[in-house]
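Participant: Provide a 3D model corresponding to the input given below.
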Amino acid sequence: MKSLRTTVLLSILLTTAPAWAVKPFTADYQANVMGSVSADAQMTLASAGGDRWNYVLSVNSPIATLRQTTVFEDRDGNWRPISGNDFSKMVFKKSQKNASYDWSKGEARWSGDVKDDRMGPVKLQNGDLDAMLLNLALVRDVAAGKPLNYRMVDNGVVREQSYQNLGKDTVTVAGKPRSATKVSRSSDNKQVIVWVVDGLPVPARILQKKDGKDELDLVLKSVH
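Facilitator: You can find the predicted model right below:
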């Protein structure tokens, strides 16, 4: 009887425990911008107090500086974006966009260098993510074997994002080959390919392509 109770209790704990717990990390990447320019990139996740987290991706190269920041809530495994900032600076162009997700009103709005028809409001639904949070959601859901279908609310529009599992592939992390699950999505003239290695909290590689050409390629060097 004791063995049976222990087995039942363990089953309950495994069922209710979150499969992918949010933990702080710092990940360093080797970036390739526009197919030719090498750069350093970093992805960080840090506590913002309470159930909020600050998630940042920065890329610094001779021709471009990119920084994307998302503050989100983690409520028992349910992630909700609260605010976002998207900054980019290139040789002849600079842009900054700010996002605000008001879940009490159920709407999202944007300000900064955005077109009038992209300011919102956009109606929010449970489960909505922004573009940054998709990186973490893919790692979480690939590990759990869940469908990779998302509703992304970002830059003033709503897009349904569905990633296809392309099977196993090999990716190099810190000079060592690692087995990874390769997933991809395509829309219009853009394609995003992501490699997920079991046990790593971040994608091992993210490749963004436009018109068939590499736009941004991030390859993980280390994570701690």
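Participant: these two touch, right, residue 94 and residue 88?
Facilitator: Yes - Residue 94 is within contact range of residue 88, at 7.1 Å (criterion: C-beta atoms under 8 Å). Bear in mind the C-beta positions are built from the backbone N, C-alpha and C, glycine included.
Participant: Just want to know which of these two has more residues nearby.
Facilitator: In terms of neighbours (other C-beta atoms under 10 Å), residue 88 is the more surrounded of residue 94 and residue 88; the figures are 16 against 11.
Participant: Do you know the pLDDT at residue 61?
Facilitator: Predicted confidence (pLDDT) for residue 61: 83.
Participant: what do you get for residue 15?
Facilitator: On pLDDT, residue 15 comes in at 36.
Participant: And stretch 210-222, what's buried?
Facilitator: Of the residues in stretch 210-222, those buried by neighbour count under the rule 16 or more other C-beta atoms under 10 Å are 215-221.
Participant: how many other residues sit next to residue 30?
Facilitator: As a burial measure, the neighbour count of residue 30 was computed by other C-beta under 10 Å and equals 14.
Participant: Within the helices and strands, which one has the closest residue to it other than its chain neighbours?
Facilitator: What sits nearest to residue 30 in space, not counting adjacent residues and going by C-beta to C-beta, 6 or more residues apart in numbering, is residue 219, at 4.9 Å. Here residue 219 is covered by strand 213-223, with elements defined by DSSP states H and E.
Participant: which residues touch that strand?
Facilitator: Contacts of strand 213-223 with the rest of the structure, by C-beta atoms under 8 Å, 6 or more residues apart in numbering, involve 25-35, 41, 59, 171-174, 200-209.
Participant: Show the buried residues in those.
Facilitator: In these, burial by neighbour count holds for 27, 29, 31-33, 41, 59, 171, 173, 200-207, 209, counting by 16+ other C-beta under 10 Å.
Participant: element containing residue 137?
Facilitator: In the assignment (DSSP H and E), residue 137 maps to helix 131-144.
Participant: Distance from that helix to the middle of the chain?
Facilitator: A distance of 6 Å separates the centroid of the chain from that of helix 131-144, by C-alpha atoms, centre = their mean, to the nearest Å.
Participant: residues in contact with it?
Facilitator: The contact list for helix 131-144, computed with C-beta under 8 Å, 6+ apart, reads 19-20, 22, 43, 45, 55, 57, 68-70, 72, 79, 81, 84, 129, 147-148, 150, 152, 154-155, 161, 163, 165, 181, 183, 194, 196, 198, 200-203, 206.
Participant: Buried by neighbour count, from those residues: which ones?
Facilitator: Restricting these to buried positions leaves 22, 43, 45, 55, 57, 68-70, 72, 79, 81, 84, 129, 148, 150, 152, 154-155, 161, 163, 181, 183, 194, 196, 200-203, 206, with burial counted as 16+ other C-beta under 10 Å.
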